[in-house]
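Asks: From the sequence below, what's the structure:
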Amino acid sequence: MKNLPLICFALFCFLAGCAPKAHEQLIVGMELAYPPFEMTDEHGQPTGVSVDLAKALGKYLHRDVEIQNVAFDGLIPSLQTRKIDLIISSMTVTAERARSIAFSGPYLKTGLCLLVGKSSPIQSIADADQAGRVLAVKRGTTGHIFATDKIKSAKVLVLDKEDACVLEVIQGKADAFIYDQISTYENWRRNPDTTRPLLKPFQEESWAIGLRQEDATLLKQVNQFLEDYKARGGFEELGERYLKEQKEAFRKMSYPFYF
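Replies: Coordinates of the predicted model:
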């Protein structure tokens with residue numbers, strides 16, 4: 001058989017592992033409870049800004065993406081125990097977190113602000129930090145970290161869910177909820193008769209992608225992707241797709257917007 005040498009070579013390559021391999025999977029952790037960044041659609045499938053960003057990263061790296069829904073305070077432990085490969089979950093860069101994981105370059109800027117009751121006299125974080133007042137924070141967030149480090153007089157109420165924090169303000173059980181600008185705006189928009197947003201940030205922050213400290217090659221690839229994605233207008237497209245109304249509202253209020 002004239003083709004016998006070719007057939008034998010092909011069989012050798014297959015047995016030796018030379019056959020084409022499926023794309024290596026990239027497991028991305030995020031908490032799917034933070035619309036419009038991380039959420040699920042009507043069919044229960046992951047969607048939002050961070051989901052689209054993860055898919056674009058996978059395409060750039062030629063890797064299939066799997067989204068793992070992980071509670072926010074479980075994301076870093078999941079990364080460290082290799083249950084996920086990286087974190088894309090609206091995670092703020094902090095010195096404390098940077099001691100245990102690596103961060104990409106920042107891809108979004110935001111800040112902490114307050115959601116208060118509709119008739120509340122509070123106008124600033126200084127007003128909120130007064131004896132007899134209660135400030136709600138979501139566990140594991142930078143609002144929680146800020147309250148632990150900076151709040152001296154008010155009582156800090158730590159809850160596991162964003163909705164629970166908002167409800168405390170609506171019901172008058174908490175005087176304010178410390179959270180990021182976009183969520184505070186959204187929570188006020190859903191509850192305009194009972195809440196008021198103080199959107200000027202009292203602490204500016206940046207979000208980044210979290211990785212294991214030893215994954216230097218992946219970190220370099222992620223940073224290259226972010227630079228390329230921004231240059232191609234990817235973040236602008238995400239803003240138009242998911243945050244168009246918010247962008248316009250922030251422009252009218254003269255607040256800088258995110259990407």
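Asks: Tell me the gap between the longest helix seen in the chain and the middle of its chain.
Replies: In the chain, assigned by DSSP state H, the helix with the most residues is helix 216-231. Centroid displacement of helix 216-231 relative to its chain, using Cα atoms, centre = their mean, to the nearest Å, is 17 Å.
Asks: what's the distance between whichever helix or strand comes after that helix and the middle of its chain?
Replies: Next helix or strand after helix 216-231 toward the C-terminus (DSSP states H and E): helix 234-242. Put simply, helix 234-242 sits 15 Å off its chain's centre (Cα atoms, centre = their mean).
Asks: Show me what helix 234-242 packs onto, helices and strands only.
Replies: Helix 234-242 sits against helix 49-61, with contacts defined as 3 or more Cβ pairs under 8 Å, 6 or more residues apart in numbering; DSSP states H and E. Backbone N, C-alpha and C define where each C-beta goes, glycine included.
Asks: Any buried residues in the helix it packs on, and which?
Replies: Buried positions in helix 49-61, judged by neighbour count with 16 or more other Cβ atoms under 10 Å: 49, 50, 51, 52, 53, 54, 55, 56, 57, 58, 60, 61.
Asks: What is the nearest of these to residue 250?
Replies: Of all the buried residues of helix 49-61, residue 49 has the smallest distance to residue 250: 15.3 Å, by Cβ to Cβ.
Asks: ok, the residue nearest to that closest one when sequence neighbours are not counted - contacts?
Replies: Nearest non-adjacent residue to residue 49, counting by Cβ to Cβ, 6 or more residues apart in numbering: residue 37, 4.5 Å away. Contact partners of residue 37, counting by Cβ atoms under 8 Å, 6 or more residues apart in numbering, are 48, 49, 50, 89, 90, 182, 242.
Asks: of all the residues you listed, which two lie farthest apart?
Replies: For these, the farthest-apart pair by Cβ to Cβ is 89 and 242; their separation is 15.2 Å.
Asks: more crowded one of those two?
Replies: Each of residue 89 and residue 242 has its neighbours counted (other Cβ atoms under 10 Å); residue 89 has more, 23 against 19.
Asks: follow-up on the earlier one: pick the one among the buried residues of helix 49-61 closest to residue 81.
Replies: Nearest to residue 81 among the buried residues of helix 49-61: residue 54, at 19.7 Å, using Cβ to Cβ.
Asks: number of nearby residues for the closest residue to that closest one other than its chain neighbours?
Replies: Using Cβ to Cβ, 6+ apart and skipping the chain neighbours, the partner closest in space to residue 54 is residue 28 (4.4 Å). Close neighbours of residue 28, defined as other Cβ under 10 Å, add up to 25.
Asks: same deal with the one 5 residues further on?
Replies: Other residues near residue 33 come to 16 when the count uses other Cβ under 10 Å.
Asks: residue contacts, it?
Replies: By Cβ under 8 Å, 6+ apart, residue 33 lies in contact with 39, 161, 162.
Asks: go with 10 Å
Replies: The contact partners of residue 33, by Cβ atoms under 10 Å, 6 or more residues apart in numbering, come to 39, 40, 69, 71, 72, 89, 161, 162, 163.
Asks: Report how many residues lie close to the fourth one.
Replies: I take that to be residue 71. Using other Cβ under 10 Å, residue 71 has 15 other residues around it.
Asks: shaky segments in the stretch 1-150 of the chain?
Replies: Along the stretch 1-150 of the chain, the parts satisfying pLDDT under 70 run over 1-23.
Asks: Could you pull out the strands in it for me?
Replies: Assigned by DSSP state E, counting those that start in this stretch, the stretch 1-150 of the chain shows strands spanning 25-30, 39-40, 46-47, 64-69, 86-87, 102-103, 108-117, 134-138.
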